[in-house]
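1. Take this sequence and fold it.
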Amino acid sequence: MATALRSPPSGPEEAKTTGGPASCPCRPSCEGPTADCDRTLSTPQRVFKGSRSAQEVVAALPLFDGILPDVLNRLLADSATVTRRRSTLLFGAGDEADCFYIVLDGAVKLFALAQDGRESIVEIFGPGTSFAEAAMLSTGRFPLHAEVIEDATLIRVGRRAFLYTLHSDHALAYRMLAALAKWNRRLANEISDLKELTPWQRVAEFLLAQAPSAEGRVEVLLPFNKEVLASRVGIRRESLSRVLGRLRVLGVHTSGNAVRIDDVDLLRRACFEAGGGRS
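-> Now for the predicted structure:
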């Protein structure tokens, strides 16, 4: 694994201000007053003000399904948009989970390290996805490492305003808990399915999920390099080369990160039949 760069603190250092009702002696994103501040907990100093496209990405997340804009603003009061270069380590396993992330652009991988130092990628997140919210809301520690694998634009959602809003609205907290439970079930099912598939089926299923059409001939551009793909489907890099060679008889041809599938339906039927008819 290449050495990852540690993510710098998000946002510039913000100085304290004085005078006027709009000034706040504590940091602008705070949710509670200090001894020198007469603000109440019900009046956050600022709200999330991203671009229109960023707001649309956030509103479309399953975690925020059905949540009104003013409530969303309160949840994201302690948020900031950040850019991170490839190979930047956002956090390590065991670090304090004081935030979670929303991906606007680029890609981030969550991975574990085996005792021999080998990486095992658990999930890859691209635009329009979020990650690490469960760690922030439960144990308070990140169980995995997160590294940027493509230059990324992210929204870093701080814990303080988010938790305060949930504590003050129990119905909202239950709704979000249900969304997280649904995500965890999906992840558990995916892990269970992965264990039951042979290596070539895992790769084929991944390629089918990337295919822009359900039939005919398609071109697929892998969203990341083959080393990442191998780890993502739970096989070694050298095994991936053998698997791709085997898939040629099913009409799968690769050139760099470009993959051509001659017949999507043929590949899907082969996976279905090899799995004993399971869909």
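
2. In this structure, where is pLDDT below threshold?
-> 1-52, 187, 190-195, 276-279 (pLDDT under 70).

3. which residue ranges form the strands in it?
-> Assigned by DSSP state E, the strands in the chain fall at 5-6, 79-84, 88-91, 99-113, 119-125, 129-131, 145-158, 218-221, 252-255, 258-261.

4. In JSON lines: those strands, plus distance to R242 and mean neighbour count.
-> (C-beta placed from N, C-alpha, C; glycine too.) Formatted as JSON lines, those follow (distance: least, Cβ to Cβ, whole Å; neighbours: other Cβ atoms under 10 Å):
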{"stretch": "strand 5-6", "distance to R242": "33", "mean neighbour count": "12"}
{"stretch": "strand 79-84", "distance to R242": "34", "mean neighbour count": "20"}
{"stretch": "strand 88-91", "distance to R242": "31", "mean neighbour count": "21"}
{"stretch": "strand 99-113", "distance to R242": "23", "mean neighbour count": "21"}
{"stretch": "strand 119-125", "distance to R242": "19", "mean neighbour count": "18"}
{"stretch": "strand 129-131", "distance to R242": "31", "mean neighbour count": "20"}
{"stretch": "strand 145-158", "distance to R242": "24", "mean neighbour count": "21"}
{"stretch": "strand 218-221", "distance to R242": "19", "mean neighbour count": "15"}
{"stretch": "strand 252-255", "distance to R242": "13", "mean neighbour count": "15"}
{"stretch": "strand 258-261", "distance to R242": "16", "mean neighbour count": "17"}
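
5. export those strands to JSON lines and tack on distance to Q210?
-> Supplementary listing: the strands of the chain in JSON lines, determined by distance: least, Cβ to Cβ, whole Å:
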{"stretch": "strand 5-6", "distance to Q210": "28"}
{"stretch": "strand 79-84", "distance to Q210": "24"}
{"stretch": "strand 88-91", "distance to Q210": "24"}
{"stretch": "strand 99-113", "distance to Q210": "13"}
{"stretch": "strand 119-125", "distance to Q210": "12"}
{"stretch": "strand 129-131", "distance to Q210": "15"}
{"stretch": "strand 145-158", "distance to Q210": "15"}
{"stretch": "strand 218-221", "distance to Q210": "5"}
{"stretch": "strand 252-255", "distance to Q210": "12"}
{"stretch": "strand 258-261", "distance to Q210": "8"}
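
6. for this protein, longest helix please?
-> helix 170-196 (DSSP state H).

7. same for that helix, what does it pack against?
-> Applying 3 or more Cβ pairs under 8 Å, 6 or more residues apart in numbering; DSSP states H and E, we find helix 170-196 packed against helix 133-137, helix 159-168.

8. So which of these is nearest D151?
-> Nearest of the helices and strands packed on helix 170-196 to D151, taken as Cβ to Cβ: helix 133-137 at 22.8 Å.

9. Mind listing what's buried along that closest one?
-> Judged by neighbour count (16 or more other Cβ atoms under 10 Å), helix 133-137 contains these buried residues: E133, A134, A135, M136, L137.

10. what's the spacing between the second one and L266?
-> The reference is to A134. Between A134 and L266 the computed distance is 38 Å (Cβ to Cβ, to the nearest Å).
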